[in-house]
Every structure is written in structure tokens, then in C-alpha cells.
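> sequence first, predicted model second:
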Amino acid sequence: MFHLKTHSDFSLLQSTASVKQIVSNIKKQGMDGCALTDYGSISGAIQFITQMQDAKLKPIIGNQFYVRDGKKIGHLTVLAKNLEGK
């Protein structure tokens, strides 16, 4: 089982969970991996990948963008499939 939309403290005003706390919780819940999808930033990606791999878990890197269509504002979550991001 995977969470495919997780925010860390690298998502300003969205989460207070550090990458270390997220990895620890994933391990405690018996999950196989997780996607880190911080808002508009991949600043925590290297730390997340390293800690997930050290814990023998599968890291997935993503991002959540703000999108605008006229006056409507929404969110778009994207996940990288491989190292090229495809």
C-alpha cells in the first residue's frame, strides 16, 4: 500500500511533518512506499529518497501545483514514473 499524496514541512503552511517523521510513520504502518508531493517544491526530494531507501521503502517523487483556469484555481498532482520524470 502507498500514499500517493503526502506533504512534508517543505510545503509551506500545509504540513509540520518532517521527512524523517513521514518515513518513520510509513514504516510503522507497514507500507511499501510513499509519494512525496509537496506544494510547488521538490526541496525535500533528496532527503526523502535517501531516508526511504535506507528504510528499504520505495520513494516516489511528485509535486502538487496550483493551476488556474480563468478565475478558478485548483491543484494538479504529478508523480515521476522514473529518473527522467516520464
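Looks like it arrived, so ask away.

> are there helices or strands packed against the longest strand seen in the chain, and which ones?
Criterion DSSP state E: the longest strand present in the chain is strand 58-69. On a contact count with 3 or more Cβ pairs under 8 Å, 6 or more residues apart in numbering; DSSP states H and E, strand 58-69 meets strand 2-6, strand 33-36, helix 45-54, strand 72-79. Just so you know, the C-beta spots here come from the backbone N, C-alpha and C atoms, and that holds for glycine as well.

> what angle do the third one and strand 58-69 make?
Spelled out, that is helix 45-54. On the basis of axes from the mean of the first three to the mean of the last three Cα atoms, to 10 degrees, helix 45-54 is oriented at 150 degrees to strand 58-69.

> coming back round to it: run through who's touching the longest strand of the chain.
Outside strand 58-69, the residues that touch it by Cβ atoms under 8 Å, 6 or more residues apart in numbering are 2, 4-5, 7, 11, 32-42, 45, 48-49, 52-53, 73-80.

> now swap in stretch 19-29 and tell me
With Cβ under 8 Å, 6+ apart as the criterion, stretch 19-29 contacts 3, 6, 8-10, 17, 33-34, 36, 44, 47-48, 51-52, 55, 57.

> that concludes my questions; thank you for your assistance.
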